[in-house]
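One predicted model, sequence on top.
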Amino acid sequence: MDECTMNNDDLDQLIIKKVAETVVVDGNWAVAHASYRMNDVAYIFPITPSSTMGEIADEWSSTEDANGKKKYVNLWDQELKVVEMQSEGGAAGALHGALVSGSLATTYTASQ
């Protein structure tokens, strides 16, 4: 459709339409991205090879825009609470406690 012949409805549809963008990422970033959007809390224990996922989630949870508002939020427009634990067992225990209490939670550890 020619831009000169667009009416208001066509323009509204053009503005609303989302443009898909293809981006190449590694598996850790993809997992962090998906889990960040779908959880209330994340328990991290930095240990290779899962350290990257926890670091990404932690960075996103602490990033604010110019107005002091959290830049990255989950699907429910809430910030993800990231808690760094002292051991893998602690991360697993905290995760189970969060799930029993009704939270949507995740952990980033190597063996759990």
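Yes, it's here.

State the helix or strand in which the residue most central in space within the chain lies.
By C-alpha atoms, centre = their mean, the mean C-alpha position of the chain lies nearest to Tyr36, the distance being 2.3 Å. Per DSSP states H and E, Tyr36 falls inside helix 27-38.

where along the chain do the helices fall?
8-16, 27-38, 51-62, 88-100 (DSSP state H).

on that earlier part again, dump the residue contacts of the residue nearest to the centre of the chain.
Contact analysis of Tyr36 by C-beta atoms under 8 Å, 6 or more residues apart in numbering lists Ala42, Ile56, Ala57, Trp60, Ser61, Tyr72, Asn74, Leu80. For every residue, glycine as well, the C-beta is placed using N, CA and C.

Please identify the buried residues of the helix holding Tyr36?
Buried residues in helix 27-38, defined by neighbour count with 16 or more other C-beta atoms under 10 Å: Asn28, Val31, Ala32, His33, Ser35, Tyr36.
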